[in-house]
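S.K.: Coordinates only, no sequence provided:
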């Protein structure tokens, strides 16, 4: 059974940076696309970025240019570098993994095979 564990959340002031990590175990990491999602209080969970096993990436507009997703297949870990954080980025951040036979594919859809439990990011103004 695959497991994902997020880390790196915390409290920062607007304009600050955080680096989240998603460590995977119990799955063939290279066969999975990984996505980062977030859920703000009172809102639905949304996909914000994803990365394929061949390092193809996608971002939603609000984070493009500020967030960078990366992947280290040797460490079974995906990272999300978040710069110039804004109060509206406050949310619990989750990573998800979805199996795919298309190495260059990833998705922002909320349809992952495995989920982490999340890490809280709080950005104050």
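M.R.: Perfect, thanks for sending it. Computed from a predicted structure; not experimentally measured.
S.K.: And the residue nearest the centre of the chain, how far from residue 125?
M.R.: Centroid-nearest residue in the chain: residue 36, 2.2 Å away (criterion: C-alpha atoms, centre = their mean). According to C-beta to C-beta, to the nearest Å, residue 36 and residue 125 sit 23 Å apart. C-betas here are computed from N, CA, C, even on glycine.
S.K.: same question, residue 17
M.R.: 16 Å.
S.K.: And residue 117, by the same measure?
M.R.: For residue 117, the distance to residue 125 - C-beta to C-beta - is 27 Å.
S.K.: show me the contacts for the residue lying closest to residue 112 once chain neighbours are set aside.
M.R.: The shortest distance from residue 112 to any residue other than its chain neighbours is 3.0 Å, reached at residue 96 (C-beta to C-beta, 6 or more residues apart in numbering). With contacts defined as C-beta atoms under 8 Å, 6 or more residues apart in numbering, the neighbours of residue 96 are 4, 34-35, 37, 110, 112-116.
S.K.: picking up where we left off before, looks like the residue nearest to the centre of the chain contacts residue 45 (just checking).
M.R.: No - between residue 36 and residue 45 there is no contact, the gap being 10.8 Å when judged by C-beta atoms under 8 Å.
S.K.: Which neighbours do these two have in common?
M.R.: residue 94.
S.K.: Buried residues in stretch 36-49, which are they?
M.R.: 36-38, 45, 47-49 (16 or more other C-beta atoms under 10 Å).
S.K.: What lies in contact with that stretch?
M.R.: Contacts of stretch 36-49 (C-beta under 8 Å, 6+ apart): 20, 22, 35, 50, 57-60, 62-63, 67, 69, 78, 80, 88-96, 107-110, 118, 121.
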